[in-house]
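Student: below is the sequence, then the predicted model.
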Amino acid sequence: MNLGIHDEVNASMKDLGLDLRRMIDQEEEPGLGNGGLGRLAACYMDSLAMPRIPRSATASATNSGFFDQRIEDGWQKEVTDPWLHLGNPWEDTQAGGCVLM
């Protein structure tokens, strides 16, 4: 969608006998944590990189990802975000987290 080629991709998939909507519905929305403290930490790391200050960072996540937010009766309720239920090829699942360099 962001590339502006939805119609072309949809038509190509139809030519292959595939359903784009069905494929999209199978993929979990990733809980990437791109706001709040995660964004602040990224900006902090960037500010250290510019003057070449030595640095390292560690990120952690549960095996089920971060969390989804629901509003029920005017209150926030955190629920498990299962986007990592099939595992994460980018991290060492034995260690339970990943190290950013």
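Tutor: Alright, I've got the coordinates.

Student: give me phi/psi at residue 76?
Tutor: Dihedral pair for residue 76: phi -70, psi 140, per degrees, to the nearest 10.

Student: please save the CA atoms from stretch 16-29 in CSV.
Tutor: This file holds the C-alpha atoms of stretch 16-29, laid out as CSV (Å, rounded to 0.1, in the frame of the first residue of the first chain):
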residue,chain,number,x,y,z
LEU,A,16,-1.3,-16.6,-10.3
GLY,A,17,-4.5,-17.8,-8.7
LEU,A,18,-3.7,-16.2,-5.3
ASP,A,19,-5.8,-13.9,-3.1
LEU,A,20,-3.9,-10.9,-1.9
ARG,A,21,-6.5,-10.1,0.9
ARG,A,22,-6.2,-13.7,2.2
MET,A,23,-2.4,-13.4,2.3
ILE,A,24,-2.5,-10.0,4.1
ASP,A,25,-5.0,-11.3,6.7
GLN,A,26,-2.5,-14.1,7.6
GLU,A,27,0.2,-11.8,8.7
GLU,A,28,0.3,-10.5,12.2
GLU,A,29,0.7,-6.8,12.8
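
Student: same for whichever strand or helix holds residue 13, what does it pack against?
Tutor: Assigned by DSSP states H and E, residue 13 belongs to helix 6-15. With contacts taken as 3 or more CB pairs under 8 Å, 6 or more residues apart in numbering; DSSP states H and E, helix 6-15 sits against helix 20-26. Yep, even glycine has a C-beta here, placed from its N, CA and C like the rest.
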